[in-house]
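Asks: Next one to model:
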Amino acid sequence: MDIGYIIGPLLSLGMILAGVVAKGAANLIPQFVSLPSFLIVIGGTLGALMVAYPLPDYIGGFKAVPNILLKNSASNAQQIATEIIDLAQTARKESILALEKKREGLSYGPLKAAVKLAVDGTDPNVIRETLENQAFVEFEETEIFVKFWEDFGAISPTIGILGAVIGLMKVMTVLDQPEKIGPGIAVAFVATLYGVGVANIIGIPSGKRIKRKAMLESHLKAMVVIGIDGILSGQNPKIIEERLKVYTSHGGEEHEE
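Replies: Coordinates of the predicted model:
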């Protein structure tokens with residue numbers, strides 16, 4: 001699980017509240033809780049996104065979040081490299097057909113599929129094209145989800161301003177009661193606070209995280225292409241290992257759970 005996606009927003013919120021307290025404004029914290037502001041910002045943003053995106057893309061945008069938390073395939077780069085090298089050694093010592101007995105034990109779906117194609121005698125160029133097309137389509141689909149969350153981050157501050165305007169309109173009804181004007185204006189701007197907050201703590205960072213995950217996933221598929229191509233062309237496992245190091249020796253912190 002990628003706990004950074006959970007810790008990050010909590011850390012941001014905690015530091016913001018700590019800053020409020022440090023400025024001696026702790027008494028304002030209860031005023032930050034406003035159900036009407038929350039409904040205006042979140043409800044308005046979700047509604048606008050529903051207008052902008054077809055329902056499958058809309059749902060897919062939210063489904064991408066559990067993938068951030070639970071799907072950490074990029075952390076398996078070293079494991080996948082090890083499995084590919086083991087397959088290469090088996091094919092070299094025995095035959096391509098011998099890879100079938102190892103297929104079910106593989107941890108990465110695209111590698112399993114590629115091994116099946118190889119065992120079935122599929123042309124190496126067809127295997128390469130299949131894997132590359134799959135990677136391209138998945139990356140293009142992910143770009144939609146990235147844009148979804150970027151738009152979430154772009155829309156929510158504007159909806160927050162709308163909420164502030166609504167709040168100020170309410171203040172206008174009590175201009176004859178000066179003691180209510182100040183608190184009323186403060187409450188009005190809570191919607192703006194919500195809009196800017198969810199945009200910069202959740203929306204925009206989520207888009208960036210999804211994009212990063214997609215890039216790392218494309219690296220794994222590139223590893224499979226290199227591995228299967230090397231196995232079918234009879235390359236020495238050591239050579240395949242060296243070629244795979246491009247993906248396992250950089251950004252090591254990204255490849256550990």
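
Asks: where does the stretch 101-250 of the chain dip in pLDDT?
Replies: For the stretch 101-250 of the chain, applying pLDDT under 70 flags the ranges 250.

Asks: could you give the mean pLDDT of stretch 57-73?
Replies: Mean per-residue pLDDT for stretch 57-73: 80.

Asks: Is residue 235 in a helix, a strand, or coil?
Replies: coil (DSSP: H, G, I helix; E, B strand; the rest coil).

Asks: Around the residue nearest to it when sequence neighbours are not counted, count how many other residues there are.
Replies: Counting by Cβ to Cβ, 6 or more residues apart in numbering, residue 88 is the residue found nearest to residue 235 once chain neighbours are left out, at 7.3 Å. C-beta coordinates here come from the backbone N, C-alpha and C atoms, glycine included. Applying other Cβ atoms under 10 Å, we find 24 residues neighbouring residue 88.

Asks: Where do the helices of the stretch 1-150 of the chain begin and end?
Replies: 4-22, 35-38, 44-52, 55-70, 77-93, 100-103, 109-119, 124-172 (DSSP state H, counting those that start in this stretch).

Asks: could you dump those helices to TSV with distance to residue 182?
Replies: Compiled in TSV, the helices of the stretch 1-150 of the chain are given as follows (distance: least, Cβ to Cβ, whole Å):
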stretch	distance to residue 182
helix 4-22	18
helix 35-38	17
helix 44-52	26
helix 55-70	39
helix 77-93	56
helix 100-103	70
helix 109-119	59
helix 124-172	9
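
Asks: Please identify the one among those helices that comes closest to residue 237.
Replies: helix 77-93 (4.0 Å; Cβ to Cβ).

Asks: now that closest one and helix 109-119, what's the angle there?
Replies: 10 degrees (axes from the mean of the first three to the mean of the last three Cα atoms, to 10 degrees).

Asks: Identify all contacting residues around helix 77-93.
Replies: 98-99, 102, 106-108, 111, 115, 216, 219-220, 223-224, 226-228, 230-231, 234-237, 240-241, 244-245, 247-248, 255 (Cβ atoms under 8 Å, 6 or more residues apart in numbering).

Asks: Show me which residues of it are buried.
Replies: Residues of helix 77-93 classed as buried: 77, 80, 81, 83, 84, 85, 87, 88, 89, 90, 91, 92 (neighbour count, 16 or more other Cβ atoms under 10 Å).

Asks: list the buried ones in stretch 54-61?
Replies: Those would be 58, 60, 61, for stretch 54-61 by 16+ other Cβ under 10 Å.

Asks: roughly how far apart are the last one and residue 39?
Replies: By that I understand residue 61. 20 Å (Cβ to Cβ, to the nearest Å).
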